[in-house]
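Asks: the following comprises the amino acid sequence and a computationally predicted model.
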Amino acid sequence: MLEFSLSSAAVPEAETPCAVVGVFDGAPSAAAAALDAASGGVLSRLRETGDFTGKAGATLVLHGLVGVKAPRVLLVGLGAHKDFDARTYARACDDAGKALKGLPVAGAAVWLPALEVPGCDAGWRVRTCALAIDHACFRYTATLKPANGNVPRLAKLELAAGGEAQRGLAEARGVARGVAFARELGCLPPNLCTPTHIAAQAKTIADEHAGSVTLEVLERDDMQKLGMGALLAVSSGSATPPKLIVLQYQGAGDAKPHALVGKGVTFDSGGLNLKPTGSMEEMKYDMCGAAGVLGAFLAAVELALPINLVCVVPSVENMVDGTGYRPSDVLHTHAGLSVEVLNTDAEGRLILCDALAYTCKRFQPQALVDAATLTGACVIALGAHASGLFSADDKLADELLAAGTASLDRAWRLPLWDDYRNQLESAFADIANIGGKSAGAITAALFLSRFTEGTRWAHLDVAGTAWVPGRKGYATGRPVPLLAQWLIDRSA
Ligand code: BES
Ligand code: MN
Ligand code: ZN
């Protein structure tokens with residue numbers, strides 16, 4: 001994680017290893033004009049020769065400019081001024097971050113937040129820029145040999161803005177912490193990232209904030225006593241024990257809490273309905289819902305938000321064994337409903353149904369949001385750009401959509417209508433755990449809805465957004481920005 005601070009220096013005067021300046025394709029920004037004047041017209045010449053015109057996506061590093069104190073200047077193309085908006089701003093910040101990651105500098109000062117962005121205040125500009133550059137500079141280290149320590153790596157980032165952006169800076173720090181937490185946990189391989197490890201990570205959060213945060217970890221015996229037959233069935237084929245992690249943060253006396261629940265399947269083999277080659281390799285990421293709610297919880301606690309918050313994580317491994325559960329098993333849940341298992345690979349909803357019912361019953365939250373890498377169908381529907389959002393509560397859905405827009409961690413609402421309900425009928429239990437071929441993301445959400453009746457609840461399917469597929473993909477940290485923004489908004 002980078003260290004962020006605000007700066008009011010002018011570009012030519014700034015003492016920094018690298019000054020980052022945005023350049024429009026056309027009329028220059030104030031920072032670019034200052035740079036051009038101080039350097040004897042370098043930007044104008046680059047534009048005339050066509051070497052750097054300010055095209056969106058372009059970056060260029062200049063060294064040793066006369067009249068500029070910084071030894072390096074990173075130019076970032078902003079595109080045409082008329083097209084400049086929140087999204088192109090964030091993209092330019094991301095481009096800057098990618099370029100900075102490859103430079104041998106320990107610090108940088110960035111003037112992008114000094115740009116005007118329609119509809120966005122200085123706090124938003126600082127937060128968005130800080131988070132984008134921090135995100136781009138992420139490095140996975142947990143299981144790698146230490147890097148060559150002689151090459152400086154970006155650690156400190158100064159952002160050009162006045163004191164009115166202080167709040168945005170603080171939010172960036174809190175959210176960046178939550179995002180980094182979620183990404184590191186998400187990337188960790190499943191032989192290390194077990195339910196026990198996730199519980200230990202929750203303990204580090206509780207220990208660091210001992211005054212306001214408490215942790216309970218329910219063990220297999222506790223879950224048995226609570227009648228959590230669905231959660232336990234998924235875990236029954238695994239040699240590693242299940243955990244039900246309960247974090248509570250008190251920031252607002254005895255107000256009813258907000259609640260977050262996250263799917264923590266540390267590896268999803270599919271169980272007896274084994275996933276084929278090509279579908280199983282990335283299933284270490286099946287705990288990214290858990291990582292996301294823990295990261296959002298951490299952000300809220302770091303920001304000392306004036307709310308009460310609970311975070312509940314059911315964590316298991318879905319494996320294959322003679323002790324495991326089978327298709328056609330009938331399970332008894334904490335809520336009292338029976339479930340017929342028609343596919344052991346639809347395990348996320350089985351662990352969530354017990355965790356959701358438990359959270360509703362025990363905490364009576366004023367609102368409950370779960371996050372889960374729940375269905376391949378959601379990836380087919382929305383791809384990598386939007387998380388699927390499901391809620392019967394229009395106001396809650398609108399709050400979450402707005403938080404997604406503000407944080408550029410967007411969700412898109414899909415229906416949760418009763419019309420789909422007959423797809424979950426079972427001849428042998430109250431409900432079946434799969435709903436057939438069509439509308440798979442919706443029937444999965446409908447299944448969950450049966451366990452949250454009477455509570456204001458929303459479900460985020462992050463199967464397409466929580467990680468970037470492929471060998472060099474990483475966990476993205478989504479939906480931490482969305483959830484953290486939602487909690488920040490609830491505190492206002
Ligand atoms: N963890 C998967 C969902 C998933 C698949 C996430 C691909 C990201 C990428 C989930 O447990 C699962 O296996 N879902 C099944 C449900 C089906 C059996 C009804 C699916 O989506 O195929
Ligand atoms: Mn599965
Ligand atoms: Zn799964």
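Replies: Noted; the coordinates are in hand. Numbering: from 1, shown residues only. Ligands and ions are numbered 1, 2, ... in the order given.
Asks: how far off centre is the helix or strand where Arg362 lies?
Replies: Assigned by DSSP states H and E, Arg362 belongs to helix 348-363. Remark: helix 348-363 is offset 21 Å from the chain centroid, using CA atoms, centre = their mean, to the nearest Å.
Asks: what packs against that helix?
Replies: If contacts are counted by 3 or more CB pairs under 8 Å, 6 or more residues apart in numbering; DSSP states H and E, helix 348-363 sits against helix 229-235, strand 258-262, strand 264-268, strand 308-318, strand 367-372, helix 440-449. No exception for glycine: its C-beta is placed from N, CA and C like everyone else's.
Asks: what's the angle between it and strand 258-262?
Replies: Calculated by axes from the mean of the first three to the mean of the last three CA atoms, to 10 degrees, helix 348-363 forms an angle of 160 degrees with strand 258-262.
Asks: among the helices and strands packed on helix 348-363, which is nearest ligand 1?
Replies: Proximity of those to ligand 1 was assessed by CB to the nearest ligand atom; the nearest stretch is strand 264-268, lying at 4.6 Å.
Asks: what mean pLDDT does the helix or strand that that closest one is followed by get?
Replies: As assigned by DSSP H and E, the chain's next helix or strand after strand 264-268 is helix 288-302. Average pLDDT, helix 288-302: 99.
Asks: quick revisit: format the helices and strands packed on helix 348-363 as a markdown table; extra columns: distance to ligand 1.
Replies: Below are the helices and strands packed on helix 348-363 laid out as a markdown table (distance: least, CB to the nearest ligand atom, whole Å):
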| stretch | distance to ligand 1 |
| --- | --- |
| helix 229-235 | 10 |
| strand 258-262 | 13 |
| strand 264-268 | 5 |
| strand 308-318 | 7 |
| strand 367-372 | 8 |
| helix 440-449 | 6 |
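Asks: would you mind finding the most buried of these?
Replies: Mean neighbours per residue, mean count of other CB atoms under 10 Å, is largest over these for strand 258-262, with a mean of 30.
Asks: how far off strand 308-318 does that one point, in degrees?
Replies: Going by the same axes, to 10 degrees, strand 258-262 makes 10 degrees with strand 308-318.
Asks: ok, strand 258-262 near ligand 3 or not?
Replies: No. Strand 258-262 lies out of reach of ligand 3 by CB under 5 Å from the ion, never closer than 12.4 Å.
Asks: run through who's touching that strand.
Replies: Residues external to strand 258-262 that are found in contact with it (CB atoms under 8 Å, 6 or more residues apart in numbering): 287, 289-294, 296-297, 307-314, 352, 355-356, 359, 363, 365-372, 483, 487, 490.
Asks: so which of those are also by ligand 3?
Replies: Okay, of the contacts of strand 258-262, nothing touches ligand 3 (CB under 5 Å from the ion).
Asks: same question for the helix holding Arg362, mean pLDDT?
Replies: If you average the pLDDT over helix 348-363, you get 99.
Asks: and the closest residue to ligand 3 within the chain, what does it touch?
Replies: With CB to the ion as the measure, Asp268 is the residue of the chain nearest to ligand 3, at 3.7 Å. For Asp268, the contacting residues are Lys275, Met280, Met283, Asp286, Asn318, Asp345, Glu347, Gly348, by CB under 8 Å, 6+ apart.
Asks: need phi/psi at the first one.
Replies: According to degrees, to the nearest 10, the main-chain angles of Lys275 amount to phi -70, psi 140.
Asks: repeat for the one 3 residues further on
Replies: Note on Gly278: backbone dihedrals following degrees, to the nearest 10 are phi 100, psi -20.
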